[in-house]
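1. Sequence first, predicted coordinates after that:
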Amino acid sequence: MNNKGLPKGFLWGGAVAAHQLEGGWQAGGKGPSVADVMTVGSPKSYRKITEGIIPGEYYPNHEAIDFYHHYKEDIKLFAEMGFKCFRTSIAWTRIFPKGDELEPNEEGLKFYDDLFDECLKYNIEPVVTLSHFELPYYLVTEYGGFRNRKLIDFFVRFAAVCFDRYKSKVKYWMTFNEINNQANFNEDFAPFTNSGIYYKPGDNREEIMYQAAHYELVASAKAVQIGHAINPDFEIGCMIALVPIYPETCKPSDILMAQKVMERKYFFTDVHVHGKYPNYIQKYWQRKNIKLDITPQDLEVLTKGTVDYIGFSYYMSNVVRHNKGNDHYDYNEKTDLVGNQYVKKSDWGWQIDPEGLRYTLNWLTDTYRLPLFIVENGFGAYDKVEADGSVHDSYRIEYLREHIKQMKLAVEEDGVDLMGYTPWGCIDLVSAGTGEMEKRYGFIYVDKDNKGNGTLKRSRKDSFAWYKKVIESNGETL
Ligand code: BGP
């Protein structure tokens, strides 16, 4: 094994999601998605979800950065940076505006044909997420989102249509973005999930969450099977939000607590990779009297639809403590999470930990033995535009450089099998969590603020030229 440098063909690129940049929320026959009924929050609070569109409210995803009309210009800029791949999602509501139709919307399909062709023109490989927090809103109001088993078939129909239509253009796929976010059922994390579940007072949130997760896992496995039948060359992955959990101290109960939290958050990966639920989660359901609709046919489906690789996002690490009286090591992020005195935080309180990326790459490899793909990593920050239009984002370069260094060590020294690296929000876009435009991740600045004002003009930040060199040198010049 050659231990110098990243492999040839390493997939350098950038990542986005349809609802966070496309805009055109009603263009080409598109229906509303859950993201279209969310307003702007603040750095400290998640965004608000409104019941339907309230006149006069500002919904940032409706226009976003209008990638729908600017994609040619934007992909040209990605090509200038030397992108080998571009990760985006297909807005479900462009293809099935309500979600339960039998026939897809041709205009929506055509948009992604054009988009993928534009990428391929520059030899940029599209990497596609099928469901990235943009469930058709109609499936929520009419069916209750993924509380409902019927959603499995709707998703599978959508996936099959996409696989078939783009089979000669797209090789790399992922089913559900950050499927495990919903494990944080104590928080109102709706913006960060695909399930479209709005908890009501009195709901047994935990049971509902596991049920929705099960339907999504079955839907994913069915889609993987169908995808492989349509094109055996497809590489279909899962997508996991990976926040490694450290123990606060070397006290054995803290160590065990960290392990239990890892299990609770990452059993999703076991189901995707091994096709079955681990014993610990089944025991947990028994103890908590959580009753789920899981049929023998479902379990069969899970074993047949295992993934080819693990895609994951990495932004930060977290620390937990074992609190006295928590005899079963149950996890409640409100009481068990503690700060990490050894790392700095972003303005949004995300703990910056580059070594945690190497740790994560090794943990995933040791646990699952599958190729890995870092499909999100990045630094959300306020940017300042100088009088001449330049943006000196040295803090972003610093964040990415330190993470890439650790990623390289994982490959070169630890032998991790890594397919690629696509930093999040390669062009500024709407934040999924808060709806802010001014939480920026991009190499490309977009002139638009949190209230929707701005010309939408694109410009290169300092990180643009830096990332171009990184790609050119296959990660040698950092
Ligand atoms: C991930 C999501 C992305 C993205 C990112 C950054 O959880 O997959 O959609 O938005 O987080 O989060 P935020 O936009 O809240 O800064």
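-> Here it is on my side, so go on.

2. and Thr249, what is it in contact with?
-> Applying C-beta atoms under 8 Å, 6 or more residues apart in numbering to Thr249 gives the contacts Arg321. For glycine as for every other residue, the C-beta is placed from the backbone atoms N, C-alpha and C.

3. Quick one: the strands in the stretch 251-400 of the chain, in order.
-> Assigned by DSSP state E, counting those that start in this stretch, the stretch 251-400 of the chain shows strands spanning 309-313, 318-320, 337-338, 344-345, 351-352, 372-376.

4. what's the burial count for Lys276?
-> The local packing of Lys276 (other C-beta atoms under 10 Å) involves 13 other residues.

5. what residues are up against it?
-> Asp270, Leu299, Leu302, Thr303.

6. Look up the closest residue to the second one, ignoring the ones flanking it.
-> The reference is to Leu299. Lys276 (7.1 Å; C-beta to C-beta, 6 or more residues apart in numbering).

7. any residue of stretch 60-77 up close to the ligand?
-> No: remark: stretch 60-77 sits outside contact range of the ligand, by C-beta under 6 Å from any ligand atom, the gap being at least 11.1 Å.

8. hmm, back to that, go through the contacts of Lys276 and flag which are in helices.
-> Using DSSP state H, Asp270, Leu299, Leu302, Thr303 are the members of those that sit in helices.

9. can you pick the most crowded of the residues you listed?
-> Leu302 (22 neighbours).

10. re earlier: farthest-separated two in the contacts of Lys276?
-> Asp270 and Leu299 (13.5 Å; C-beta to C-beta).

11. Could I get the pLDDT score of Ile197?
-> As predicted, Ile197 sits at a pLDDT of 90.

12. So what's the residue count around Ala212?
-> For Ala212, the tally of surrounding residues (other C-beta under 10 Å) stands at 23.

13. hang on, isn't it packed against Arg149?
-> No: with contact defined as C-beta atoms under 8 Å, Ala212 does not count as touching Arg149 (10.1 Å).

14. Pipe the contacts of Lys276 into JSON lines and attach pLDDT and distance to Asp113 per row.
-> Output for the contacts of Lys276, formatted as JSON lines (pLDDT from 0 to 100; distance: C-beta to C-beta, whole Å):
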{"residue": "Asp270", "pLDDT": "98", "distance to Asp113": "36"}
{"residue": "Leu299", "pLDDT": "98", "distance to Asp113": "37"}
{"residue": "Leu302", "pLDDT": "98", "distance to Asp113": "32"}
{"residue": "Thr303", "pLDDT": "98", "distance to Asp113": "34"}
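
15. Pick out whichever of the ones in helices among the contacts of Lys276 sits closest to the ligand.
-> Asp270 (20.6 Å; C-beta to the nearest ligand atom).

16. Might one say that the closest one is in contact with Pro278?
-> Yes: Asp270 is in contact with Pro278 according to C-beta under 8 Å; the separation is 4.9 Å.

17. Mind pulling up the pLDDT for the one residue in the stretch 1-150 of the chain that gets nearest to the ligand?
-> Taking C-beta to the nearest ligand atom, the ligand has its nearest neighbour within the stretch 1-150 of the chain at Ala17, 4.9 Å off. Confidence at Ala17, expressed as pLDDT, is 98.

18. again with the one 4 residues further on
-> On pLDDT, Leu21 comes in at 98.

19. and what of Gly28?
-> Reading off the model, Gly28 has pLDDT 98.

20. And for the one 4 residues further on?
-> Note for Pro32: predicted pLDDT of 97.

21. lowest confidence element among the helices and strands of the chain?
-> One helix or strand of the chain scores below all others by mean pLDDT, DSSP states H and E: helix 333-336, with a mean of 90.
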